[in-house]
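# Sharing a model prediction with you, sequence too.
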Amino acid sequence: MEEKLLSMLGIARRAGRLAMGFDAAEEAMRNHQAKLLVLASDVSERTDRSICRIAEEYKVPVLRTGFEMDRIGKAVGHKHTGVIAINDSGFAKTIKAIGTENSQEECI
């Protein structure tokens with residue numbers, strides 16, 4: 001099931017529905033495009049706090065995965081990625097369902 005989440009992230013990437021990295025995810029939230037925020041397990045505390053504060057402000061749900069940045073990055077075709085905004089409600093719903101079914105932590 002874990003691979004299913006990574007696979008969906010890869011499909012969303014190929015569909016052009018992701019904003020990857022802190023700055024891109026923040027911009028997507030400020031532009032009201034982000035439907036879900038996905039965080040790697042090894043993002044820094046500061047990044048986690050900052051991005052969750054912004055997500056709370058814009059009422060964007062956050063899914064903390066058990067995957068490290070390198071593994072998520074590989075799934076989406078980057079070296080490593082710790083913060084990803086899903087900018088499509090269909091992908092967001094599916095990824096959130098897969099993540100919560102695998103008992104990933106959701107902070108909002």
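Yep, that arrived. If you're wondering where the values come from, they're calculated on a predicted model, not measured in any experiment.

# Does the residue nearest to the spatial centre of the chain belong to a helix, a strand or coil?
Compute the mean C-alpha point of the chain, and by CA atoms, centre = their mean the closest residue is residue 38, 1.8 Å away. At residue 38 the chain is in strand, as set by DSSP: H, G, I helix; E, B strand; the rest coil.

# close enough to count as contact, it and residue 95?
Yes. The pair residue 38 / residue 95 is scored as a contact, 6.8 Å apart, by CB atoms under 8 Å. Where you see a C-beta, it was placed from the backbone N, CA and C, and this is true even at glycine.

# Need the overlap of contacts for the two.
9, 63, 86 (CB atoms under 8 Å, 6 or more residues apart in numbering).

# Now do the same contact list for the spatially closest residue to the second one that is not a sequence neighbour.
Nearest residue to residue 63 in three dimensions, chain neighbours excluded: residue 99, at 4.5 Å (CB to CB, 6 or more residues apart in numbering). Contact criterion CB under 8 Å, 6+ apart gives 5, 38, 63, 65, 106 as the residues in contact with residue 99.
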